[in-house]
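Asker: could you work out the structure for the sequence below:
(chains A and B)
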Amino acid sequence: MRIAILSDIHANREAFAAVLKDVEQRRVEQIVMLGDIVGYGPDPEWCCEKARALVEAGAVAIKGNHDAAVAVPDTAMNITARRAMEWTRPRLSPEQQAFLSALPMQHRINDLHFVHASVNDMQDWIYVSNEQRAMPSFRVSDARVIFCGHVHVPHLFSCDMVGRVQEQRIPAGASTLPLIRSRRWLAVLGAVGQPRDGRALAAWCLYDSITNELTFHRVPYDTGATVAKLRGHGLPESLAMRLLMGA
Amino acid sequence: MRVRPQTGLDIDGFTLGEKLHEGGFATIWEVTHPLYRTPLVMKVPKILDGYDGPTIVGFEVEQMILPRLTGPHVPKVYGVGDFSVMPYVVTERIPGESLLVRFRDAPLPVSDAIELAARMADALHDLHRQHVIHLDLKPENFLQRPSGEMVLVDYGLSRHDQLPDLLAEEFTIPMGTFPYIAPEQFLGARNDPRSDIFALGAMIYQAATGKLPFGKPEKLRGVRPRLWRDPVPPRALVPDMPDWLQEIILRALEVDPAKRYQTAAQIQFDLTHPAQVKLTARGLKQRQDGAGVVWRRWWKMRGVKGFAAPVSVQEQIGKAPILLVAVDLSPEMEALADLLRQNVQRMLVTQPDMRVACVNVIKTSRIAIDATVDDEGQNLHVARLVGLRHWAEGIDLGEERLTFTVLEGTDPAAAIIDYAGHNNVDHILMGARGHSSTRRYLGSVSSQVVAEAHCSVTVIRRRGADEAAEPEAAAAE
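Answerer: Model (predicted):
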């Protein structure tokens, strides 16, 4: 099965649409969204509706910290995120709010495990950005491949037969990486709607369960349009700069 | 590993036959599969009881890399086994022994050593083109197909530029085979394709002299001296070795990767164009450097941590391409030839490490006696060479990166395509004559080259050169 995995859409309509268009051209059988459909970006209604339509058509969506913050304000969020959330909340219809709060925290497909932040202590929204933080997920889950988002910077970790966790280099370009079966793997995806790895391109991943290969894809989108909307709505300028710089 | 390999074992449809080889880290078995008629072999790592890190990681690396490789210079993969049952890789069986057996007879006759070296370089370039640095080149890792091509095996230490490098994460000690390991690889670098060039140089040295250039160190410490101590010049061991071959070997064995051949294709090119190898002090030296020189090198190298590596294998190959320029020397094509030269000069501005092979084709007749075998033909050949050299005046490249070749053939386009294929040419530059109806019906040399060559082709055309139809391929009459 060919699975498209998208994370951290963050109400960025242009990026979300560009990724979906790319996904459409790659014979994908299943879409999984790893959470944070809303937050930061200027198009929460559209992104929410689109995600809901995809779920109705068979896609899977799980809950991210921003999705959760719509119903229950999150005091741990930074000031920019909170300001954007206060702007977002009243724009969402009761149905959209219900859709977000009903999202599950995790999803399993055979030996694959999908979460927003980490498998251990899901409610704590841990940033899996190094080997120490990846280790507990491998301990808690028995899945062969774990997929997370939340960090907005792609990472790849392997856990070998004796349980040593090592970060693996992700080569530049849309390279296809074999997730060899002698190890377990944890892939942290880049963000669709707010990349922070220095490349202002929407990120998504394709996992093929037959060939057991993971491909990191990057897609250009009209950052100018998204930024103009952010500014038009008076959202924090730092959010606009982030999209332009991809950092 | 729950299952151990033994004759008669059935696994994933493969049936194990006799054990063909038992090495330090793996056993090789003859296997059959009802679907495949090709003779197959299975390689199974010898994993010690408990956790055997290096062997496992090496095998994981091989399982990642091998299935992605294609072409005649790598074994074709038929199956990969899971560690949870029994790890293995099944590939086609290359008949015959590895070069290890051949190397037992070293020193080989010089001509055999040259042919072997050119074939090894060809295989290595193919591997580099597929983004892989082998990092463990030695005679036992070369097999030869009955058709002549060398096949590279054992990717347990290799690095694929577009895959995670499991070994870099795993070990901090340098890995490789001591007699052949390059200085920078000894210092821990795993990202320089020129490390393979060094190992290849050591193998050519061995094939031609019967000796290893840096002896057979038993301990890691014994590898370090190659950072400052130069090997005995091969001609001091084999007096009838040509100086150009020593030049090639010692250039491949330079300590600083930047001073070596930059691609395997360039070694191959020199091995097959000996008359045009530019000789330096390297090719002529008779004995090892004196104590003073060695001491100065030691002083310089004693604290060295590494050498600058290229960004990627692809970038390294792309930086030093081989350009073939097919030059038409007929008088009426002078203006086009000038234009061709200007284009070469312009390309050299952006690609200063490019190597330029100037080629002219003498068209031989399909029937009757070839004019080229008699004196007149010999004169024609020489005249064309002189013409090529004259044409190239003004191309500012060192002698060693500019070569001249006159080809002969009934079909000029086929001769150019064939030469480009055999010499790993990256780009062909040639002129097109003007438009004419004859050419439109019969097809031109350049259009045939564009259609059939395996590399990029740039065709230069003079604006407004629509002169009357020339006889086809006057380039080559």
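Asker: would you mind measuring from the single nearest residue of chain A relative to chain B to residue A:217?
Answerer: Minimum separation of chain A from chain B (Cβ to the nearest Cβ) falls at residue A:168, amounting to 3.5 Å. (Each C-beta comes from the backbone N, C-alpha and C, glycine too.) Noted for residue A:168: a distance of 18 Å to residue A:217, by Cβ to Cβ, to the nearest Å.
Asker: over to residue B:333?
Answerer: From residue B:333 across to residue A:217, the span is 49 Å (Cβ to Cβ).
Asker: more neighbours, these two?
Answerer: Using other Cβ atoms under 10 Å in any protein chain shown, the more surrounded residue of residue B:333 and residue A:217 is residue B:333, with 20 against 17.
Asker: shouldn't residue B:207 be in contact with residue B:104?
Answerer: No: Residue B:207 is beyond contact range of residue B:104, at 11.0 Å (criterion: Cβ atoms under 8 Å).
Asker: look at those two and report which has more neighbours.
Answerer: Ranked by neighbour count (other Cβ under 10 Å), residue B:207 and residue B:104 place residue B:207 first, with 26 against 10.
Asker: who are the contact partners of the more buried one?
Answerer: Shown in contact with residue B:207 (Cβ atoms under 8 Å, 6 or more residues apart in numbering or on different chains): B:103, B:106, B:107, B:108, B:112, B:113, B:116, B:117.
Asker: nearest residue to the third one other than its sequence neighbours?
Answerer: This points to residue B:107. Excluding the flanking residues, the one nearest residue B:107 by Cβ to Cβ, 6 or more residues apart in numbering or on different chains is residue B:210, at 3.9 Å.
Asker: so is residue A:3 in a helix, a strand, or just coil?
Answerer: strand (DSSP: H, G, I helix; E, B strand; the rest coil).
Asker: show me what it is bridged to.
Answerer: When assigned by DSSP bridges, residue A:3 has beta-bridge partners residue A:30, residue A:207.
Asker: that one: neighbour count?
Answerer: Around residue A:3 sit 20 other residues, with neighbours defined as other Cβ under 10 Å.
Asker: you'd agree it is up against residue A:26?
Answerer: No: look at residue A:3 against residue A:26 with Cβ under 8 Å: they stay out of range, at 10.9 Å.
Asker: need the residues of chain A near chain B, please.
Answerer: A:156, A:158, A:160-162, A:166-171, A:173, A:175, A:177-178, A:180-183 (Cβ under 8 Å from any Cβ of the partner chain).
Asker: sorry, back to before: who wins for neighbours among the contacts of residue B:207?
Answerer: In terms of neighbours by other Cβ under 10 Å, the contacts of residue B:207 top out with residue B:117 at 27 neighbours.
Asker: what sits against that one?
Answerer: By Cβ under 8 Å, 6+ apart, the residues touching residue B:117 are B:200, B:203, B:204, B:207, B:248, B:267, B:271.
Asker: tabulate these (JSON lines), appending secondary structure, pLDDT and distance to residue B:47.
Answerer: Shown next, in JSON lines, are the contacts of residue B:117 (DSSP: H, G, I helix; E, B strand; the rest coil; pLDDT from 0 to 100; distance: Cβ to Cβ, whole Å):
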{"residue": "B:200", "secondary structure": "helix", "pLDDT": "98", "distance to residue B:47": "31"}
{"residue": "B:203", "secondary structure": "helix", "pLDDT": "98", "distance to residue B:47": "30"}
{"residue": "B:204", "secondary structure": "helix", "pLDDT": "98", "distance to residue B:47": "35"}
{"residue": "B:207", "secondary structure": "helix", "pLDDT": "97", "distance to residue B:47": "34"}
{"residue": "B:248", "secondary structure": "helix", "pLDDT": "97", "distance to residue B:47": "41"}
{"residue": "B:267", "secondary structure": "helix", "pLDDT": "95", "distance to residue B:47": "37"}
{"residue": "B:271", "secondary structure": "helix", "pLDDT": "95", "distance to residue B:47": "40"}
